[in-house]
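> no FASTA, just this:
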């Protein structure tokens, strides 16, 4: 009978559609793999199959993005530094270590994992990017390069990786959240009178040396976002580094009119050591030639990999902009701890 034939066809059609599109527990869709072409942050055109299922990721910031996207199970390789990143779950830290400092230690180990994508940072000052890309191309492994140059690139990186890992809905949720935080900060900044705008410098002590955060760094961009004027803008032989080593005397001579001095921790300089430096500065007559030190406006902020640090190029800068706002303008910006709790509960619940 005809109605029985139509019924059979209908059942088969539903079965085919169901096999091709399976709804996952986090409301994202895992579809039949398809080939797409995207442009990465280095301007390279990359063709690959999505959703990515077996990624080797050499950047901890990119790992934080992938975890935020609920795609940790699609990662097979991580960098050694991931072990120290408090924003990464134990499950993610237990993945196979394939490299360190953006370099792959053992390509045979990588090949054994059969990755369908490698994610890295485009930083030619730290490793031979061209050799890395040539070798990965020789093995037929596509590479996506990210950059950590700009604050606005954070939601763009989340969007790109969301597309590659099949987590567009998760990516959109974070993009909306991040842009909302930026808009709120801009609104506060717009209300700060010109005569109350603060001049800011950031110093990161590392292994006995002082490193100034340069004006092109994402943290300097955050200072400008919250309504401050960032004083350090240095070019070295035609190159603009994000950190500039400078001795105490030159810092004092160059930035005596700074209203706020922010001291940053690092992965090798713990909070306690930086706090000691702050106390020494406040007692030192030489350091007091800087207005910020003389008036006691020296603040220690975390820029390391601990769970209390929000000053890294990664999704956590959605809170970091509030941290910097409170440090520079304590009477204008609210305490940021509430923002941190909301962020962690929503995007990194295992830390709650």
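That came through fine. Given the structure is predicted, the values throughout are model-derived calculations rather than measurements. Numbers count the residues shown, from 1 in each chain.
> so where's the longest strand in the protein?
For the chain, the strand that runs over the most residues, judged by DSSP state E, is strand 199-206.
> just the buried positions in it, please.
For strand 199-206, burial by neighbour count (16 or more other CB atoms under 10 Å) applies to 199-205. Every residue, glycine included, has its C-beta placed from N, CA and C.
> same thing with stretch 46-60?
Residues of stretch 46-60 classed as buried: 46, 48, 50-53, 55-60 (neighbour count, 16+ other CB under 10 Å).
> same list (the residues you listed) but as CSV, adding secondary structure and distance to residue 209.
Output for the buried residues of stretch 46-60, formatted as CSV (DSSP: H, G, I helix; E, B strand; the rest coil; distance: CB to CB, whole Å):
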residue, secondary structure, distance to residue 209
46, strand, 38
48, strand, 42
50, strand, 44
51, coil, 44
52, coil, 40
53, coil, 44
55, strand, 36
56, strand, 33
57, strand, 30
58, coil, 27
59, coil, 25
60, helix, 23
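> wait, which of those residues is closest to residue 88?
Set against residue 88, the nearest of the buried residues of stretch 46-60 by CB to CB is residue 60 (7.2 Å).
> pull out the buried residues from stretch 112-120.
Quick answer for stretch 112-120 (16+ other CB under 10 Å): 113, 115-120.
> show the end-to-end separation of that stretch, please.
Start to finish, the residues bounding stretch 112-120 are 19 Å apart (CA to CA, to the nearest Å).
> stretch 51-58 too?
Criterion CA to CA; first-to-last residue distance in stretch 51-58 is 19 Å.
> report the rounded mean pLDDT for it.
Mean per-residue pLDDT for stretch 51-58: 98.
> hmm, who's touching that stretch?
30-31, 33, 63, 66, 74-79, 98-99, 102-104, 110, 113-121, 164-167 (CB atoms under 8 Å, 6 or more residues apart in numbering).
> rerun at 6 Å
Stretch 51-58 is contacted by residues 63, 74-77, 79, 98-99, 102, 110, 114-120, 164-166 when judged by CB atoms under 6 Å, 6 or more residues apart in numbering.
> with stretch 159-167 instead?
Against stretch 159-167 from outside (CB under 6 Å, 6+ apart): 28, 30, 50-52, 65, 69, 71, 74, 168, 171, 175.
> just stretch 201-213 next, same as before
219-220, 231-232, 243-246, 255, 258, 261-264, 266, 269, 277.
> which residue is nearest the centroid of this structure?
Closest residue to the average C-alpha location of the chain: residue 314 at 1.5 Å, with CA atoms, centre = their mean.
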